[in-house]
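**Student:** Coordinates only, no sequence provided:
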């Protein structure tokens, strides 16, 4: 194998696929990146795969001899990132197939790799469900929900985002047991023939947040109007966009019926300016973070204000007042300030409404604008007097 390519393109490709390389590999080859050169297409393909998440991309190259090798991802990435961007990079594999010489204007490096035959194949989905997704709609759904998924691996299903396709719409939901984000995105699906299949029975899948963060990164840099293909079959999902691919296992099991968690009605509402509320919470968070992250909301309907306060024992306390459209009786309710900020920052509207019933029952943040189909449920924190 002998190939010449751009340093900057190789560096970008390595940074992308390295995110799927295992940090604690169960087999030495899983710490490597697979490089495959094809003289027929004059492209160099790079693959990272940890047996759960796989990322593959390719770049234009001058390929003298086709071939494949796996090289240590971290070492290769650090060398390539430090090479001069003014000079192309030459990769040449010796006759043994396990030693590569990397040459640039500034010098040359030898690296020992492992045979490409030892590298596991990326899962390919050849049957099952095929959908065409609008990239910007998919990014919108992921941005609005990923942050609410759990980081606790013991919670398995809750470490993912539940995607539900129905007709041409996509509903994304994520919860960690303390908060729940649900976003409905219209016109997320393209291709009428496929959406007809989805119309009849609907289709849903739960995917690990780690995989979906890579899909979101890929889509956010996607500069094309072309749809993204999603293939799903037997516990595997593949997202395909031009020459880039993300593969992921699905999370097996029945996702919680989150619709039952959202109260049907509310007795109290707080209507506030979203940006002003974020700014007030970020100031109060300086104190809240010192103790337990708790901020308290006290409604004063007669004054038309909400007082937001934090009390950090032995450190200090603070409060802010915000004008608010209040409905219902006066009340006090407390929240984890970080959960509130996460939800508010995921919303796009100028004004939001906090819906409550009692200090110990779920509260819901929604936009004042009916067009924004985002629901964010937060469990209050019990106030100990």
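**Tutor:** That came through, no problem. Because the structure is predicted, anything quoted here is derived from the model rather than measured.
**Student:** Could you list the domains of the protein?
**Tutor:** 2-118, 129-259, 263-378 (automatic domain parsing).
**Student:** Would you map the helices across the stretch 201-350 of the chain?
**Tutor:** With DSSP state H, counting those that start in this stretch as the criterion, the stretch 201-350 of the chain has helices at 209-220, 274-291, 337-346.
**Student:** Pick the most deeply packed of these.
**Tutor:** Comparing the helices of the stretch 201-350 of the chain by mean neighbour count (mean count of other CB atoms under 10 Å), helix 209-220 comes out on top with a mean of 21. (Each C-beta comes from the backbone N, C-alpha and C, glycine too.)
**Student:** And the contacts of that one?
**Tutor:** Helix 209-220 is contacted from outside by 19-20, 52-53, 55, 135-136, 138-139, 142-143, 146, 149, 159-161, 174, 228, 237, 239, 241, 244, 246, 248-249, using CB atoms under 8 Å, 6 or more residues apart in numbering.
**Student:** 6 Å instead, please
**Tutor:** Contacting residues not belonging to helix 209-220 are listed as 53, 135, 138-139, 142, 146, 149, 159-161, 239, 244, 246, 248 [CB atoms under 6 Å, 6 or more residues apart in numbering].
**Student:** got those as a markdown table, with secondary structure and distance to residue 43 columns?
**Tutor:** As requested, the contacts of helix 209-220 are exported to a markdown table (DSSP: H, G, I helix; E, B strand; the rest coil; distance: CB to CB, whole Å):
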| residue | secondary structure | distance to residue 43 |
| --- | --- | --- |
| 53 | strand | 23 |
| 135 | helix | 22 |
| 138 | helix | 26 |
| 139 | helix | 26 |
| 142 | helix | 28 |
| 146 | helix | 31 |
| 149 | coil | 35 |
| 159 | helix | 35 |
| 160 | strand | 33 |
| 161 | strand | 32 |
| 239 | strand | 20 |
| 244 | strand | 12 |
| 246 | strand | 18 |
| 248 | strand | 24 |
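**Student:** coming back round to it: may I see the domains of the chain organised as CSV, with distance to residue 384 and mean pLDDT added?
**Tutor:** Conversion of those to CSV gives the following (distance: least, CB to CB, whole Å; pLDDT from 0 to 100):
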stretch, distance to residue 384, mean pLDDT
domain 2-118, 40, 94
domain 129-259, 18, 89
domain 263-378, 10, 93
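**Student:** dump the residue contacts of residue 368.
**Tutor:** 351, 353.
**Student:** ok, now with 10 Å
**Tutor:** The contact partners of residue 368, by CB atoms under 10 Å, 6 or more residues apart in numbering, come to 271-274, 325, 349-353.
**Student:** Could you tell me which of the residues you listed count as buried?
**Tutor:** For the contacts of residue 368, a burial check counting by 16 or more other CB atoms under 10 Å picks out 271-274, 351-353.
**Student:** Need the max-distance pair from those.
**Tutor:** 273 and 353 (11.3 Å; CB to CB).
**Student:** most remote residue from the chain's center?
**Tutor:** residue 302 (42.8 Å; CA atoms, centre = their mean).
**Student:** Quick check, that residue in contact with residue 329.
**Tutor:** No. Using CB atoms under 10 Å, residue 302 makes no contact with residue 329, being 11.0 Å away.
**Student:** how about stretch 27-43: buried residues?
**Tutor:** Neighbour-count burial for stretch 27-43 flags 29-39, 43 (criterion: 16+ other CB under 10 Å).
**Student:** any chance of those in a markdown table, plus secondary structure?
**Tutor:** Converted to a markdown table, the buried residues of stretch 27-43 look like this (DSSP: H, G, I helix; E, B strand; the rest coil):
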| residue | secondary structure |
| --- | --- |
| 29 | helix |
| 30 | helix |
| 31 | helix |
| 32 | strand |
| 33 | strand |
| 34 | strand |
| 35 | strand |
| 36 | strand |
| 37 | strand |
| 38 | strand |
| 39 | coil |
| 43 | strand |
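**Student:** residue boundaries of the strands in the stretch 51-200 of the chain?
**Tutor:** 53-60, 62-65, 67-72, 89-93, 99-104, 107-112, 129-133, 160-166, 169-175, 179-185, 189-190 (DSSP state E, counting those that start in this stretch).
**Student:** re the thing from before, would you turn the contacts of helix 209-220 into a markdown table with distance to residue 113?
**Tutor:** Compiled in a markdown table, these are given as follows (distance: CB to CB, whole Å):
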| residue | distance to residue 113 |
| --- | --- |
| 53 | 22 |
| 135 | 34 |
| 138 | 35 |
| 139 | 35 |
| 142 | 35 |
| 146 | 35 |
| 149 | 36 |
| 159 | 33 |
| 160 | 34 |
| 161 | 36 |
| 239 | 28 |
| 244 | 23 |
| 246 | 24 |
| 248 | 26 |
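**Student:** Of the residues you listed, keep whichever come out buried.
**Tutor:** 53, 135, 138-139, 142, 146, 149, 159-161, 239, 244, 246, 248.
**Student:** Which members of the contacts of residue 368 are positioned in strands?
**Tutor:** 271-273, 325, 351-353 (DSSP state E).
**Student:** ok, so of the residues you listed, who is nearest residue 120?
**Tutor:** Nearest to residue 120 out of these is residue 352 (CB to CB; 46.6 Å).
**Student:** My guess is that closest one contacts residue 369. True?
**Tutor:** Yes. In this structure, residue 352 is within contact of residue 369 by CB under 10 Å, at 9.5 Å.
**Student:** hang on, the earlier thing: nearest to residue 94, of the helices of the stretch 201-350 of the chain?
**Tutor:** Here helix 209-220 is closest among these (CB to CB), at 33.2 Å.
**Student:** how many neighbours does residue 131 have?
**Tutor:** 22 (other CB atoms under 10 Å).
**Student:** where's the closest residue to it other than its chain neighbours relative to residue 215, distance?
**Tutor:** Of all residues beyond its chain neighbours, the one nearest residue 131 is residue 230 (4.5 Å), with distances taken as CB to CB, 6 or more residues apart in numbering. Distance of residue 230 to residue 215, computed by CB to CB, to the nearest Å: 9 Å.
**Student:** Before I go, just wanted to say thanks for your time.
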